[in-house]
Every structure is written in structure tokens, then in C-alpha cells.
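>>> Just need the structure, nothing else, for what follows:
(4 chains)
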There are 4 protein chains.
Amino acid sequence: MTIDIKDLDKVLQQAFDASTAVYKERGFQRRIGFGKKPALISVDLANAWTRPGNPFTCENIDEQIIPGMQRLLAACRANNHVVVHVTTAYQNTDINDPTTDMGMWHHKIPVEAVNLADEHLWAIDSRIAPVDGEYVMMKKRASSFSGTPLAGYLRSCGVDTILVTGVTATACVRTTICDGLAEGFRTIAVRECIGDRVPGAVAWNLYDIDAKFADVESVDHCVDYLNSIKG
Amino acid sequence: MTIDIKDLDKVLQQAFDASTAVYKERGFQRRIGFGKKPALISVDLANAWTRPGNPFTCENIDEQIIPGMQRLLAACRANNHVVVHVTTAYQNTDINDPTTDMGMWHHKIPVEAVNLADEHLWAIDSRIAPVDGEYVMMKKRASSFSGTPLAGYLRSCGVDTILVTGVTATACVRTTICDGLAEGFRTIAVRECIGDRVPGAVAWNLYDIDAKFADVESVDHCVDYLNSIKG
Amino acid sequence: MTIDIKDLDKVLQQAFDASTAVYKERGFQRRIGFGKKPALISVDLANAWTRPGNPFTCENIDEQIIPGMQRLLAACRANNHVVVHVTTAYQNTDINDPTTDMGMWHHKIPVEAVNLADEHLWAIDSRIAPVDGEYVMMKKRASSFSGTPLAGYLRSCGVDTILVTGVTATACVRTTICDGLAEGFRTIAVRECIGDRVPGAVAWNLYDIDAKFADVESVDHCVDYLNSIKG
Amino acid sequence: MTIDIKDLDKVLQQAFDASTAVYKERGFQRRIGFGKKPALISVDLANAWTRPGNPFTCENIDEQIIPGMQRLLAACRANNHVVVHVTTAYQNTDINDPTTDMGMWHHKIPVEAVNLADEHLWAIDSRIAPVDGEYVMMKKRASSFSGTPLAGYLRSCGVDTILVTGVTATACVRTTICDGLAEGFRTIAVRECIGDRVPGAVAWNLYDIDAKFADVESVDHCVDYLNSIKG
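Modelled structure (predicted):
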């Protein structure tokens, strides 16, 4: 049941190369590019996902995602760009109650692990704590746009571009990205600031995303962009 | 640049096994189950996707997806279940016009290949042609729920369960499934009736879907279910 | 600038009678009826709207809306029906900040009067306080369905009918009703439990609603219905 | 059953004056203003609504709404502004079929009068016929934003302001305006280009709209604005 991750990465890269040959021939994998008015959308970088000991705990948080986020936030704050911190929690985490605000999702994953009463679980990680004027938005579903005012909020701010970070690549980040594009925003996935908790999930999902929904760009590139314009 | 697909499947299975160990320990990969009032949602099984020669042409259509769909449709029609055929086309396919109804998507993929004026491209494949009373719904985005009346339509029909089929696993099927769960439906992905056009894409995306968003079930199992109840 | 309300009511009734003649001839003002699985959706019956001294304070609260709500809640609780208490507040009430979560609405009305930090303002009126298991949902806009998970939540509960109450007829109640119908629910406006703060607004808006979007029914009738079925 | 419309207008104006006193004191009826990138959203000015003989036929079409629309369209076309023509029709107009795409609305109003097969009914009135590049969008519900891609489409065009026209004030225009504001657009109701079919409905609904959801502005003012900027 063990897997040699280097082998996995190597085989995945072979699969991606084969796919890229098809995609290039058919006109996929285009570049959407950065627009003129960005926002940073940080998805579920709250303690239940960033700290050890929760079913939702993810990989590569301390060494990669948090440092990358700190650079992105610094660039946003220096240039007055919109920042939205998204988190997830539920009022009623009784999986046997058919009227829970978890809706249908607890029938697939352990969302009952994040009760609204346990603020320390859904609070944004203190290393990337929101500052005054940054919107902290609660969601109930995977996508940050689904069942939330996010799209309208961003439009009222005049935002045309979203840089998406957080966890997980498989679920909340990918759905947020797909919806962001659908809602009319130039959508960028910030490579090193997107995580997950199982092998290959980040690589595969970022590959699909870059082919069809958003440009996958490095933290370096995104920081340069954020510093190149004023909010 | 070639890839031995048997090797890919084998390595992917190893990755899935490793992920499953994590998921099981943490309480993911639960079963949502079938409800009492199903609808079949068939995504983009229109000629541009099912017939040769289009940038959107997919794999495994003739030998697997169409025959599976025919069995599902027969079971739906025999038992009076709701069927929705979803397709995609655009009024304005000029990629240089910033006011096209393609929105932002042509900046990533070749959606300009399906113009509304070319009905043969977006018409549902004649082998699974809609019959009277089956709703043919046009969408503009990946998800069948995004920017469409689908969720409200299904609620007005009293539907509580959706069986999702079609193409592609990477894009329109996966987003439809994620949104279906979010909108409160028991969501089932019909394994053999979901396709794509690049190696490994169906396997990987169905794995992610089964872990977090929908039960992946066989055509056999779904046909039995559809025959077990009346619409 | 004063107005004799009896005259207003009389003239409005004449206008409604004239409209009804047109509507009846053309097939409007149909009955949607009650379904099998109701939910009570109570809109903005929080202190800023129900208690004196706020820009949002409404009329007829103590003598009519609260007593009616108490009867509806008793019937819901006795029969295990779904209840949702909706309220409204904002994290950032600086009307000069273009990134406020008030979006565009403070450019029309004084939404800055309800800051999220002032829980006593957006807390549901204690005379109709939520009990365990009743979902308290925060919204940012007029409609309880806009930018919220409400439609999907109700679908996951199996609800097919919504009874809408609260304030104001002109804004949050009317938009909630229009969206409720659009999202596929049999929608009922509970006459005596809907309020506003200016003359004629309740009468006119309930007339429009009954003609086109929902059945306007009395508290008595709704209580009888709620007592006739089990949730 | 007859009503003297001059009396109605006079009494309504008294009611509005009384309401305005309350609204002004409390900080309602603010001005949202025009933004930098407008779109004209024309709602249901299709033959079933603009020509005699249909249940949906409206008043003041020939003498007021069409001439006003022609001036607005000329200004949009001269300055390259986005124009969206919205219309409504249904694939299945059998009111006894619970799976009709009319959803729940035929339980209130005669939407079965506009079948998709009768293109002459839902085609935009030829006096204001769409020109190349103007998006003709089909909807199923009252609001042009509900169950449609409109909000995302407008965001992808960079639009920040919508000028709303059409019919009816009571239903499709008012809901479109409420949703437009909610989705983050500066929303303007063009006074002379909004109609209905019953007495007082335009006056009352425009009053509510101006108090809470959008600025009601004259055609003259809107044409001047459209001519003052380039799209």
C-alpha cells in the first residue's frame, strides 16, 4: 500500500506530457493573464486545515504555504489590494439531523469536525491573520462562490482578477477557481500556496486547472504583479 | 512523449490506494446513497463532443458511453424519471470581442468551436436523442448549474437525487457534480458514462469525486435503482 | 405632507380592484397552494428592525407581527417543521470604504446601521428567539436567497414549500419571495406577519406578490396547515 | 370597479410624500450614481409583451417605451456600449406536467403563453431589433439574473453600471433591478422605458425601487450619460 512519491511524480509528469500534446493540438491550455484590479482569495487557511490533529489537516503548510501567503499578503497590503479570507464552519454538526446546515456534504466528508462554536478551529491561522479591512467570509460548501456573496462583493470592489490560494486542491480551491472563471474573473492559481493531504492531488488538480480554468503561476510572479499596480 | 497507459493506470491505482488509507482514517469517502426521486443529468453528449473531428471530441464514446446512456435512458423512460440533456453553445464566438457570451472561458479553452448557429454541433447525439418531455438545457459554462435554472428546475420537479453522466470528467462533469451536491442533491457519478480526452483524466477525477462529492456507481447499479422506483 | 391612511387604503383598494379585473381576465393571480414539506423563513425580525430607535425600525411589530410569529413558531415546533431565522449585518460599515461587505447597498439605504460587532442589533428578537436546531442565517443583501446557501439548504432538508414572514414588504420579504418561487419552492406570504415602515407599502407589495409570486395567506390558515402535517 | 386614474396618481403621490418624509429622516433614498462602464439591460421587450393580443401585452409601449428605447439604443450603439436584450420562453408549456421548465411560475401567472416554438412571441420587437454583437439572452424566471449567466457575463465585459428598461415594473424589471444591485452593479431604472399593464404599478414600483435599490432617472439623463463616455 506504500507508494514511492518520486515515481508517482515522474509517472504523473509523463501523463501530463501526453495530455499536453493533445491539449496543445486542440487549442486548450491558453493563457488568461492578469487584469488591472486583483484580489487575493485565500481558501480555508484556518486552524482546522493548517494545524496538526484535525481530520482536515493538510500537508506543506508550515514550510511552503504559510511563507508564500505571507509574501502575497505583504504585497497586497503594501499596494492596497483586496484580500478575502474564506473559512468554513457549521452551526449544527449533528450528522443524524437532516436539517443541519452541513446540507449534504457530511454524507461524503467529515465536515462535522468544524463547529461554529469552536472558533479556534475556523479562525484564520494567526501567522496570516486578517488585518482591518480584509473581509473574512464564512462558507458552507466547497466553492467560495457557492452560497456566498463573493462574486457580487468582488464586482462591487471593481475587481477583475482573482489570485486563489489555500486548501484543498481537490475540493475547495478547485471549485473556487472553476466558479471564479465562470463568474467572469481572470483567475490565477498560485502554485506554491495551494495544498492538499493526499499524494499527487496538488499536481493533478493544478494540471487540470491550468489546462482549462486558470493560469497556474508562481508566488514570485504573483508578488511581482501585485507590486506592479496599486489597488 | 508517449505513455504506456497500463503503467499509468497501475501507478494511479497505487496513488489512490495511498490516498484511500488517509481518507479512510480521517472519515472521507462516505456513501451518500440514492434518494427517492432521481433525475438523469447528461452533460454535453452533443455532436461536438461525441463525433470525430472537433476540438472537443472525446474518447470511449461509441463503445462505452453511448451504450451505457442508452440503458440509463431506457430505464428512465420506462419509469417516468426526469431527464435533462445539457449542451453548450455561444451566440458570439469572436475571441477578440470582449463582450462575447463566452465570458472568460475562451481565454483558456476553444469554446469558439461551438457556435449557436451550427445546430449540428450542439445538438444532442442522435443515438441518445431527447424524447418529448425531456428538457434540453443550454449552458455557457462548465457546470450545468452555473448560470442556469437547473437547481430550481430540479427542485420544482421534486428531485432529490441526480445521476450525472457525460463529458468531460475534468471539466463539465466534475463541476456539475460538485455543484449538485452543494445545491442539496444526492449526487451519483455513473462510472462508465463519464468520459474525457486525455490519459488518466477519468480515473483521477472520478477518484477525487468519490472521495468528496458523489458516489461513483456502475451503470448496472444505476439501472437497477432506476427500475426499482417510479417517477 | 400628511396623509389620511383610511383614504389611502380605500384608494389602493380601488386600484387593486381595477388591476384584479385585468389580471383575472388574463389568467394571473393563480393559486400555488401548500405542498407536503414546509419551512418557515423569518426575514430580519432582529432587534434593529423590531425594536424602537433604529433607522430600520418597523411598524406593527409588537401588536401584530410578533404575536403572529409566536403562533407560527409554536405550530412549527409542535410538528417538527424546519425554521430558518434570517438576519443581516456587516463586518465593515465604513460607507467610504469601496471594499466594504455592504457591497453597493449602502449607496441606497443605511445598512451601515447594523455592524456585526453589535450583536444586540442583528440578534433575533428575544420574543421569537431561535431554539436548538433552528438555523440562524446571516445575509448581506435584500433576498434571503441571494448570496446565501438557503436554496440548497432547503433542498437538502427535502422542503418543497416556504412560508415567508418578516420585514420589509418592500425589500427583504418581497425579494425573498420572488427568489423562493424562482428556486422551485411553493411560496406563501403570511399576511399579518409581514411589515414595513411607510404607508401603503405592505398593502401594495402583498398585492403584487399575490398576483404574481406567492399566495398571500392568513396566520390562521398557515397555522392550520402547519398543524395538519408532520415534519 | 372603475378607477379615476388622476385620483389614483394624486393619492399615490400623497403616500409617496409621506413615505419620503420617513425615508429622508432615516437615510434612505440615497443616490448610487452612474459608474464608468455601462450596459443597457432591456427586459422582455419581445412581441408577447409589446404587441396587442397576448396575456402579457403591456401599456404605453408604442408611444413611450419604444421611442425611449430607440434613443437609448442609438446612444449605446454610437458609443460602443454593451446591450443585452432579455426575453422569456419555455420548451414545455403543459401546465399539467410537473416537469415543465416553467418550474413553479405557471402556478401563479400564464407563462404557458410563450412557447419556445413560437419564435414570433419571444422575438425582440422589430422596432428595437438587436444588431450584431448584442447578446440576446433567454430566461425562465422573473429576474434577468436568476438562473442565467448575466452577472458573470457583465463582469467579464468589465461592466460596473446597468441601465434597466422593459416590462413589467411589478415583476421582471423590479427583480432584475434588485438582483443587479445585489450582484454589485450600480443600477439605474430608466423611468419612461419601464412599463406594466395595471394602474399604478409603474408609479408604485419605481417609488420603491428609487427608495431602496436603484436610481430612477429619465431617458434624457441616461442618453446624456451614455453619450458622455465610450464603451
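>>> can you list the residues of chain A near chain C?
Within chain A, the residues that sit near chain C (C-beta under 8 Å from any C-beta of the partner chain) are A:82, A:91-92, A:97-99, A:101, A:103-104, A:133, A:135-138, A:140-141, A:146-150, A:152-153, A:156-158. All C-beta spots, glycine's among them, are computed from the backbone N, C-alpha and C.
>>> Make sure A:Val164 is indeed in a strand.
Yes: assessed with DSSP: H, G, I helix; E, B strand; the rest coil, A:Val164 lies in a strand.
>>> where does it sit relative to B:Ser143, distance-wise?
According to C-beta to C-beta, to the nearest Å, A:Val164 and B:Ser143 sit 17 Å apart.
>>> what's the longest helix along chain A in contact with?
Counting residues, the longest helix in chain A under DSSP state H turns out to be helix A:5-26. With C-beta atoms under 8 Å, 6 or more residues apart in numbering or on different chains as the contact definition, helix A:5-26 has outside contacts at A:28-29, A:199-200, A:203-204, A:207, A:211, B:1-3, B:7-8, B:11-12, B:14-15, B:55-56, B:110, B:197-201.
>>> Could you list the low-pLDDT ranges of chain A?
A:1-3 (pLDDT under 70).
>>> and the longest strand anywhere in chain A, which strands flank it?
Secondary structure assigned by DSSP state E gives strand A:186-195 as the longest strand of chain A. Note on strand A:186-195: by DSSP bridges, its sheet partners are strand A:161-167 (parallel), strand A:215-217 (parallel).
>>> Out of those, which one sits most buried?
Each of the strands paired with strand A:186-195 was scored by mean neighbour count; the highest is strand A:161-167, a mean of 27, by mean count of other C-beta atoms under 10 Å in any protein chain shown.
>>> With just CA atoms, put that strand into CSV.
Provided in CSV are the C-alpha atoms of strand A:161-167 (Å, rounded to 0.1, in the frame of the first residue of the first chain):
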residue,chain,number,x,y,z
THR,A,161,-8.7,39.3,-11.4
ILE,A,162,-8.5,36.8,-8.5
LEU,A,163,-5.4,35.1,-7.2
VAL,A,164,-6.6,31.9,-5.4
THR,A,165,-4.6,30.1,-2.6
GLY,A,166,-5.3,27.7,0.1
VAL,A,167,-6.6,24.2,0.6
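>>> circling back to that earlier point, work out the gap between the longest strand of chain A and the centre of the chain.
Centre-to-centre, strand A:186-195 and its host chain are 7 Å apart (C-alpha atoms, centre = their mean, to the nearest Å).
>>> Helix or strand next in line after it, which one?
helix A:201-212 (DSSP states H and E).
>>> that older thread, what distance separates the helix or strand that the longest helix of chain A is followed by from the centre of its chain?
Of the helices and strands lying after helix A:5-26 in sequence (DSSP H and E), the nearest is strand A:38-43. Using C-alpha atoms, centre = their mean, the distance from the centre of strand A:38-43 to the centre of the chain it belongs to is 8 Å.
>>> Kindly report the same for stretch A:48-57.
Per C-alpha atoms, centre = their mean, the centroid offset for stretch A:48-57 relative to its chain is 16 Å.
>>> first to last residue in that stretch, what's the distance?
6 Å (C-alpha to C-alpha, to the nearest Å).
>>> Flag every buried residue along it.
A:Ala48, A:Trp49, A:Thr50, A:Arg51, A:Asn54, A:Pro55, A:Phe56, A:Thr57 (16 or more other C-beta atoms under 10 Å in any protein chain shown).
>>> what about the closest residue to A:His81 other than its chain neighbours, how many neighbours?
Leaving out its chain neighbours, the residue that sits closest to A:His81 by C-beta to C-beta, 6 or more residues apart in numbering or on different chains is A:Gly231, at 4.0 Å. By other C-beta atoms under 10 Å in any protein chain shown, the residues close to A:Gly231 number 19.
>>> List the contacts of A:Gly231.
A:Lys37, A:Pro38, A:Cys76, A:Asn79, A:Asn80, A:His81, A:Val82.
>>> give me the number of residues near A:Asp4?
11.
>>> hmm, I was thinking of A:Arg31
10.
>>> Likewise for the one 4 residues further on?
Counted with other C-beta under 10 Å, the neighbours of A:Gly35 add up to 18.
>>> Thought A:Gly158 was touching it, still the case?
No: using C-beta atoms under 8 Å, A:Gly35 is not in contact with A:Gly158, being 10.5 Å away.
>>> returning to that earlier point: out of the contacts of A:Gly231, which two sit at the greatest distance?
A:Lys37 and A:Cys76 (12.2 Å; C-beta to C-beta).
>>> which of these two has more neighbours?
Using other C-beta under 10 Å, the more surrounded residue of A:Lys37 and A:Cys76 is A:Cys76, with 24 against 18.
>>> and the more buried one, helix, strand or coil?
A:Cys76 ends up helix, using three-state DSSP.
>>> Distance check, A:Leu116 against A:Lys140.
As for A:Leu116, its distance to A:Lys140 is 10 Å (criterion: C-beta to C-beta).
>>> Please identify which of these two sits among more neighbours.
Taking other C-beta under 10 Å, A:Leu116 and A:Lys140 do not tie; A:Lys140 has more neighbours (22 against 16).
>>> Quick one: residues contacting the more buried one.
A:Thr88, A:Tyr90, A:Asp101, A:Met102, A:Gly103, A:Trp105, A:Gly147, C:Pro149, C:Tyr153.
>>> A:Leu226 now?
A:Pro38, A:Leu40, A:Leu72, A:Ala75, A:Cys76, A:Asn79, A:His81, A:Leu163.
>>> Can you tell me the closest non-neighbouring residue to A:Leu116?
A:Ala89 (4.4 Å).
>>> correct me, but that neighbour touches A:His120?
No: look at A:Ala89 against A:His120 with C-beta under 8 Å: they stay out of range, at 10.9 Å.
>>> Those two: which has the busier surroundings?
The neighbour comparison of A:Ala89 against A:His120 (other C-beta under 10 Å) goes to A:Ala89, with 22 against 9.
>>> how much space is there between that one and chain B?
16 Å (C-beta to the nearest C-beta, to the nearest Å).
>>> what about that residue, distance to A:His81?
For A:Ala89 relative to A:His81 (C-beta to C-beta), the value is 26 Å.
>>> And A:Glu59, by the same measure?
Taking C-beta to C-beta as the measure, A:Glu59 and A:His81 are separated by 28 Å.
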